[in-house]
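Enquirer: The following block contains a protein sequence and its predicted model.
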Amino acid sequence: MSDIAKLQIGENTYEFPLVKGTENEVAIDIKTLRGATNGVITIDPGYKNTGSCESAITFLDGEKGILRYRGYAIEELAEKADFLEVAYALIFGELPTKEQLDKFHEDIMKQSVVDDDVKKILDAFPKNAHPMGVLSSLTSALTAFNPSSVNVDSEEEMYNAIVKIMGKFPVLVAWTMRKKQGLPLNYGSKKLGYVENVLKMMFEQPNEEYTQNPVLVNALDKLLILHADHEQNCSTSTVRIVGSSHAGLFASLSAGISALWGPLHGGANQAVLEMLEAIKEDGGDTKKYMGKAKDKEDPFRLMGFGHRVYKNFDPRAKIIKVAADEVLAELGVKDPILNVAKGLEQEALNDDYFVKRKLYPNVDFYSGIIYRAMGIPVEMFTVMFALGRLPGWIAQWREMRLRKEPIGRPRQVYIGENVRPFVNINKR
Ligand code: SDX
């Protein structure tokens, strides 16, 4: 293939270089387009055909259902790694040695205390506030308590901001859940592993000794790994574009949390459980809901199905589906919702509407069933997604800053009124 693209506009032909990635993806570099063509730009709602950056963090092939973090297959990482070493690899580029991982963990746990005044902000929220709104606010508020983490330019300053948020974010997650449950806001222990510490902070009861359940530890570790990064999805693109104004890491993450909240994105895991519950309450009538999903007059969508990039099975959904059976069996939980989910999946996989549109279960379709079996409230599901995605957001923010990417500022095509004179109100 030639290494240039030719564009014909009217009588003129323009040439643009082709960029080729390490997995043979090809892009047209249009950096010079507007200048060369005297103002012509491209337009691509939802950026379905537009790359925002070059990145070395995550590779996914939607047609083949492939997902790799820093070149490592998601199936291997989910099986053989733990969440903190995956976080290290995503952020710094290589799987850590034991010494590197121990130091990373130690530096994070030194930062796993949050200014007590943050509790005053938490107290100001109504009890029925959605946890994603609380978490986004508290994450942004961390900037006020850690001002040195805003104007970070050196790798050392970035590292300090990164271990701060890796240490404090799980505290905010636990406090957000416990506040809604009327439980005291507690801390874990520096002596615990990262995921063990999260579980202790979330589930410790004030009147009994907390004992770790290895089934929960393994299940959460795997779920956090599977959610850790996913190239330029909606919330990651949000973190990158907010970070491109040098707004600081915590503010950029807060914006990413808000983007993830949407039911078309990370909010889908909560919406899936609510949908499955509704189907169960409705006598398990999956055909009715399949009909609603296909009816263009009905806003209902089959939540947990379809994906912007995957036009094959989401590899994460495959792993989570197997884990759901294992975890529920190990916990001795029988959840009829799992069967409703499997029935719906089978129907959709054999339905022409879904097959033609290549709509398969995505990461959100089965994850909520495991979260619920673990005792996590449904409105906390997307918060757990955010906890998993934290290292991916950090890695993408760090890459954008180290590569000194320009501030994100898309163009537009104006379709409003042409110039017209102002009319005084008494003449309108
Ligand atoms: C995540 O991008 C990422 O990587 C995200 C994520 C990550 O890790 O960061 O993977 C996490 O967000 C997973 C997706 C979770 N969202 C849901 O499960 C919500 C339900 N899914 C859809 O809303 C939808 O599939 C999207 C938003 C995920 C993708 O939408 P697209 O790519 O914009 O596709 P589209 O809306 O243009 O749909 C194409 C066709 C349309 O029908 P036609 O106009 O061709 O007739 O498929 C239909 C859609 O109506 N369709 C669905 C459907 N999803 C798409 N119809 C019914 N149910 C669905 N779920």
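Expert: Received the coordinates, thanks.
Enquirer: near the ligand at all, stretch 335-354?
Expert: No - Stretch 335-354 stays out of contact with the ligand when judged by Cβ under 6 Å from any ligand atom, the minimum separation being 7.4 Å. All C-beta atoms are positioned from the backbone trio N, CA, C, and that covers glycine.
Enquirer: just stretch 357-375 next, same as before
Expert: Yes - on the criterion Cβ under 6 Å from any ligand atom, stretch 357-375 is in touch with the ligand at Arg357, Leu359, Asn362, Val363, Asp364.
Enquirer: tell me the contacts of the third one?
Expert: Under the criterion of Cβ atoms under 8 Å, 6 or more residues apart in numbering, the neighbours of Asn362 are Ala268, Gly304, Phe305, Gly306, His307, Tyr310, Asp314, Arg316, Ala317.
Enquirer: For the residue in the stretch 301-428 of the chain that the ligand sits nearest to, what are phi and psi?
Expert: With Cβ to the nearest ligand atom as the measure, the residue in the stretch 301-428 of the chain that lies nearest the ligand is Gly306; the distance is 2.3 Å. Per-residue torsions, Gly306: phi 90, psi 160 (degrees, to the nearest 10).
Enquirer: Tell me who's in contact with it.
Expert: For Gly306, the set of contacting residues under the criterion of Cβ under 8 Å, 6+ apart consists of Arg357, Leu359, Tyr360, Asn362.
Enquirer: Which of the helices or strands spans Thr22?
Expert: Element membership for Thr22, per DSSP states H and E: none, as it lies in no helix or strand.
Enquirer: And for Gln212?
Expert: According to DSSP H and E, Gln212 maps onto no helix or strand at all.
Enquirer: Which residue, neighbours along the chain excluded, lies closest to it?
Expert: Nearest residue to Gln212 in three dimensions, chain neighbours excluded: Glu196, at 5.5 Å (Cβ to Cβ, 6 or more residues apart in numbering).
Enquirer: Same check on Asp325?
Expert: Residue nearest to Asp325 in three dimensions, not counting chain neighbours: Leu338, with 7.6 Å by Cβ to Cβ, 6+ apart.
Enquirer: need the contact list for that neighbour.
Expert: Shown here is Leu338, whose contacts under the criterion Cβ under 8 Å, 6+ apart are Ala324, Asp325, Leu328, Ile369.
Enquirer: which SS state does the residue nearest to Gln212 fall under?
Expert: Remark: Glu196 carries the secondary structure label helix [criterion: DSSP: H, G, I helix; E, B strand; the rest coil].
Enquirer: Report the contact partners of it.
Expert: If a contact means Cβ under 8 Å, 6+ apart, then Glu196 has Gly188, Gln212, Val217 as its contacts.
Enquirer: Asn12 too?
Expert: Shown in contact with Asn12 (Cβ under 8 Å, 6+ apart): Thr37.
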